[in-house]
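Q: 3D, please:
(2 chains)
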Amino acid sequence: MKYMLLIYGDEGARAHAPKESMTQMFAAYGAYTQAMQKAGAFVAGAPLQPTSAATTVRVNGGQTKVLNGPYAETKEQLGGYYLIDVPDIDAALSWAARCPGASVGTMEVRPVMDM
Amino acid sequence: MRDSSNDRARDAAERVARQSYGKLVAYLAARTGDVAGAEDALSDAFAAALANWPEQGIPRVPEAWLMAVARRRGVDAARKRRTGALASGHVALIADEREAARIEAGDIPDDRLRLMFACAHPAIEQSVRAPLILQTILGFDAATIASAFLVSPSGMGQRLVRAKNKIRLAGIPFRVPERAELRERLDAVLEAIYAAFAEGWSDPTGTEARRRNLAEEGIWLGRLVASLLPDEPEALGLLALMLHADARRKARRDAAGDFVPLDAQDPKRWDEVLIVEAERLLLHANAMGAPGRYQLEAAVQSAHAARAITGITDWAAIALLYDALYRITESPVVAINRAVAIARSQDPVAGLAALEAVAGDPRLADYQPYWAARADLLAQAGDRAGAAEAYDRAIGLESDPAVRRFLQERRARLA
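A: Predicted structure coming up:
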């Protein structure tokens, strides 16, 4: 089954983090992604630019409305994702727990609809 | 004549339903990941049995007959509802001839434990785990479960449906977890069983058949888990605890139907066979050297049961057991029992001091046993006014008329 691991965290705190801790986090993500690839679980994944770079689009009655900013203001923001393919939710949860983001924010695990 | 064969068919179907419901649901659900689909397929199969068996006679292996119909219905329903993995799961079930031959012979693998662990998965909302186990393994409907857990039937129905959907959509596995996770997950399974038992136990007269059944079903599930996991001391501990409590079922009421508290019960009215079995289980569990909550609670019950032989209750030992239990659970309910044991082994003032430690817990504001214990201790310490007030709260919170009468008598004795 495919699962989306959504990485939520406080992007404000991330922006103000000291350089060494950012380097460390970066390396941790590198190792994590590699482990996922070696295990054959990795399908896709990437970090996202902060919500200050987000734009929302909505089409209403044929009118396209473009707005600056994220869909919703939240305490923790979506900062990245992984798409993985594993046998069941237990495996997905183990991968989510190993994500470096899990220890500083919150991981949301969502099964991907089988089409 | 027709009526009697109808009755027999109905009886046979119901007997099979009762004995095999959970086993058949577990078998189908574990292979398709679809609990609701398994339940639907089985209920169709039972309806078909009630329609066909009076005409055609009861099949040689009723379980196999039901399973064959349920599997066909399962495939049809899966084809109608959705394509993809689930339907192919059902189709694979039919296609596997070796499996089909096993079922034909009535040799259906027992996957109930796997189903229980799926229901107790941490991805399932905690408050719905026990109800889900009761529904899938025992076949209780939402209304029965809701009345036992004192919640609205429609709310319970919705939560059960959501939980079953979650199992299917999130890919929750049907398996007994690995050693590392087993203890934690087993806790949820044992908790569900204990919740079922405790709900049933709270109706000691057995006036409400549904509740009484819950206590029996709790013990039945406890026996099942203990037999499937004989090396898990807590599973044995829970069964021992439930058997000890069950041994005293009759003694909780006198001839007039009045409530008899444990320390006033006549040990001759306790069920010796159950006590012996409980003691054997507890000894076996303790020998494994991994103490836990249920073993400690069973040890408390064992200490009470010892009065049948020694004639006295060792309250100091019971207070020590509750000490250990409180360190594990930090449960206010345990704190109350601990305070009562301290009062009995030392004096009421020491007991009240121990009770004071949890007095501020908001969960106790509407918890009858807290106010009853407090009232008893205040009365023993000579504070009549305080005791009367606490008895009033306890009386106001009690729903069982027999216990209410008992508390009212105690309050009347103050003056």
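
Q: so the closest residue to residue B:34 other than its chain neighbours is in which element?
A: In space, and not counting its chain neighbours, residue B:34 is closest to residue B:168: 5.1 Å by Cβ to Cβ, 6 or more residues apart in numbering or on different chains. In short, each C-beta sits where N, CA and C put it, glycine included. Assigned by DSSP states H and E, residue B:168 belongs to helix B:153-170.

Q: Now do that helix: distance to the chain's middle.
A: Computed by Cα atoms, centre = their mean, to the nearest Å, the chain-centroid distance of helix B:153-170 equals 20 Å.

Q: can you pull the buried residues of that helix?
A: Counting neighbours by 16 or more other Cβ atoms under 10 Å in any protein chain shown, one finds that the buried residues in helix B:153-170 are B:156, B:157, B:159, B:160, B:163, B:164, B:166, B:167, B:168, B:170.

Q: quick one: the second one and residue B:142 touch, right?
A: Meaning residue B:157. Yes - look at residue B:157 against residue B:142 with Cβ atoms under 8 Å: they come within range, at 3.8 Å.

Q: Find residues that contact each of these two.
A: By Cβ atoms under 8 Å, 6 or more residues apart in numbering or on different chains, residue B:157 and residue B:142 have no common neighbours.

Q: Next, the contact list for the residue nearest to residue A:47 when sequence neighbours are not counted, please.
A: Using Cβ to Cβ, 6+ apart and skipping residues adjacent in sequence, the residue nearest residue A:47 is residue A:80, 4.0 Å away. Shown in contact with residue A:80 (Cβ under 8 Å, 6+ apart): A:7, A:45, A:46, A:47, A:48, A:101.

Q: so what strands line up beside the host helix or strand of residue A:80?
A: In this structure, residue A:80 is located in strand A:77-85 according to DSSP H and E. Strand A:77-85 has its sheet partners listed here by DSSP bridges as strand A:2-9 (antiparallel), strand A:42-47 (antiparallel).

Q: In the helix or strand that the first one is followed by, which residues are buried?
A: For strand A:2-9, the following helix or strand on the C-terminal side (DSSP H and E) is helix A:11-15. Within helix A:11-15, the residues scored as buried using 16+ other Cβ under 10 Å are A:11, A:14.

Q: Tell me how far the closest residue to residue B:159 other than its chain neighbours lies from chain A.
A: Take residue B:159 and drop its neighbours on the chain: the residue closest to it by Cβ to Cβ, 6+ apart is residue B:128, 4.8 Å away. When Cβ to the nearest Cβ, to the nearest Å is the yardstick, residue B:128 and chain A sit 16 Å from each other.

Q: ok, residues contacting the helix or strand hosting residue B:128?
A: Assigned by DSSP H and E, residue B:128 belongs to helix B:126-138. Helix B:126-138 is contacted from outside by B:21-22, B:25-26, B:29, B:35, B:39, B:112, B:115-116, B:119-121, B:124, B:140-142, B:145, B:148-149, B:156, B:159-160, B:162-164, B:188-189, B:191-193, B:195-196, B:214, B:217, B:221, using Cβ under 8 Å, 6+ apart.

Q: what angle sits between that helix and helix B:153-170?
A: Using axes from the mean of the first three to the mean of the last three Cα atoms, to 10 degrees, the direction of helix B:126-138 lies 90 degrees away from that of helix B:153-170.

Q: one step back: and the contacts of helix B:126-138, which of them are buried?
A: So, by 16+ other Cβ under 10 Å, the buried ones in those are B:21-22, B:25-26, B:29, B:35, B:39, B:112, B:115-116, B:119-121, B:124, B:140, B:142, B:145, B:148-149, B:156, B:159-160, B:163-164, B:188-189, B:191-193, B:195-196, B:214, B:217, B:221.

Q: Done for today, thanks.
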